[in-house]
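Trainee: give the three-dimensional model of this entry:
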Amino acid sequence: MEVKWLDKKGKKYLYFRFDERLTEQEAKDGIQKWQTLCTGQNGKLCIIWDCAKMKGYESAARVLWQGELLKTKGSIEVIWLITTSGMIKMGASLMSMLMPFQIKYVESESEIK
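Mentor: Presented below is the predicted three-dimensional model:
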């Protein structure tokens, strides 16, 4: 998994690129990178989850991500989810049910506004 800041069209995004399968350990590592990169940041985050290559995830990984989203939900403006997978969209929809921000689905990075 890659986690970094990405400047796109004059806007700063926290960018996550996921591999084919998100494991519990990768989720822990990704969350740690997320926390480190966001230390001292002001304002709401715009996040990109690039799941174009992702084919699945361990349920424990989803639980970890959902927990982190619940802890940080007040600091997130929007999440852009790049995927064509119905299964990935369904998992994200379940996570977003308790969140005060939108998860927007696109099939490629070029569609992000």
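Trainee: give the buried residues for stretch 94-113.
Mentor: 95-96, 99, 101, 103, 105-106, 109, 112 (16 or more other CB atoms under 10 Å). Using the backbone N, CA and C atoms, a C-beta is placed for each residue, glycine as well.
Trainee: could you give the average pLDDT over that stretch?
Mentor: Stretch 94-113 comes out with an average pLDDT of 88.
Trainee: and of the buried residues of stretch 94-113, the nearest to N42?
Mentor: N42 lies nearest to F101 out of the buried residues of stretch 94-113, by CB to CB, at 17.0 Å.
Trainee: which of the buried residues of stretch 94-113 fall in strands?
Mentor: Among the buried residues of stretch 94-113, DSSP state E puts 103, 105-106 in strands.
Trainee: pull the most distant pair out of the buried residues of stretch 94-113.
Mentor: So, the buried residues of stretch 94-113 by CB to CB: farthest apart are M99 and E109, at 22.1 Å.
Trainee: give me the three-state assignment for the spatially closest residue to M99 that is not a sequence neighbour.
Mentor: Sequence neighbours aside, K73 is the residue nearest to M99 in space, at 5.2 Å (criterion: CB to CB, 6 or more residues apart in numbering). Following DSSP: H, G, I helix; E, B strand; the rest coil, the label given to K73 is helix.
Trainee: and for K73, the neighbour number?
Mentor: 13 (other CB atoms under 10 Å).
Trainee: distance of it relative to V63?
Mentor: 16 Å (CB to CB, to the nearest Å).
Trainee: now swap in T72 and tell me
Mentor: From T72 to V63 the distance is 15 Å (CB to CB).
Trainee: try E2
Mentor: 22 Å.
Trainee: format the buried residues of stretch 94-113 as JSON lines; extra columns: distance to M87.
Mentor: Shown next, in JSON lines, are these (distance: CB to CB, whole Å):
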{"residue": "M95", "distance to M87": "13"}
{"residue": "S96", "distance to M87": "15"}
{"residue": "M99", "distance to M87": "19"}
{"residue": "F101", "distance to M87": "22"}
{"residue": "I103", "distance to M87": "15"}
{"residue": "Y105", "distance to M87": "13"}
{"residue": "V106", "distance to M87": "17"}
{"residue": "E109", "distance to M87": "20"}
{"residue": "I112", "distance to M87": "21"}
